[in-house]
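>>> Mind folding the following:
(one chain, ligands or ions: 1)
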Amino acid sequence: MIQKSVTHCVPEWVEVGSVENIPLRGARVVSTPIGDIAVFRTGEGEIFALRDRCPHRGGPLSQGIVHGRRVTCALHGWKIELFDGVAVPPDQGCTKRFDVRVEDGVISLCLRAEIAKKVCRSAEEENHVSGHA
Ligand code: FES
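I've put the predicted structure just below:
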């Protein structure tokens, strides 16, 4: 039986703010120890979360244009699927996707346990949700 590092893989949900703080077709950035995560809200009100780095040259996807269930990177126009982080062909590549849930209007991201603890700690020290409309 393999038990090594099991506790490091346990997912944990971390509250990152209210849906109402993200404009329709907009995004907010959540700073974490593993880098910034962009939380998107589509025109239909769906919430998605991706690493805030474009698979092309690392541009901030949170600064892109949200349309349908995609975001177009503001730097060179690559389109990224919000539900899985994959670039729309003919472009190739992907950025990490994070599971999201919304309860009573509050957004939570699924992060690994040890990362979640650090996010929670930093949230107590400072307001860790910063925004880019
Ligand atoms: S960095 Fe996003 S399209 Fe080039």
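>>> what about the most centrally placed residue in the chain, which helix or strand?
Among the residues of the chain, the one closest to the centroid is Ala49, at 2.7 Å (CA atoms, centre = their mean). Using DSSP states H and E, Ala49 sits in strand 47-51.
>>> What is the burial count for Pro23?
12 (other CB atoms under 10 Å). All C-beta spots, glycine's among them, are computed from the backbone N, C-alpha and C.
>>> Within the helices and strands, which one has it?
Going by DSSP H and E, Pro23 is not in any helix or strand.
>>> So it sits against Arg41, correct?
Yes - here Pro23 reaches Arg41: they are 6.9 Å apart, a contact under CB atoms under 8 Å.
>>> returning to that earlier point: neighbouring strands for the following helix or strand past the strand holding Ala49, and are they parallel or not?
Per DSSP H and E, the first helix or strand lying C-terminal to strand 47-51 is strand 65-67. Strand pairing for strand 65-67, using DSSP bridges, gives strand 70-72 (antiparallel).
>>> quick one: contacts of the partner strand?
Ala27, Phe40, Leu50, Leu61, Gly64, Ile65, Trp78, Lys79, Ile80, Glu81, Leu82, Val88 (CB atoms under 8 Å, 6 or more residues apart in numbering).
>>> Whichever strand or helix holds the second one and the ligand, any residue contact?
In this case it means Phe40. In this assignment (DSSP H and E), Phe40 forms part of strand 35-41. No - judged by CB under 6 Å from any ligand atom, strand 35-41 and the ligand are separated, with a smallest distance of 12.3 Å.
>>> Going by neighbour count, list what's buried in that strand.
Burial within strand 35-41, assessed by neighbour count using 16 or more other CB atoms under 10 Å, is assigned to Asp36, Ile37, Ala38, Val39, Phe40, Arg41.
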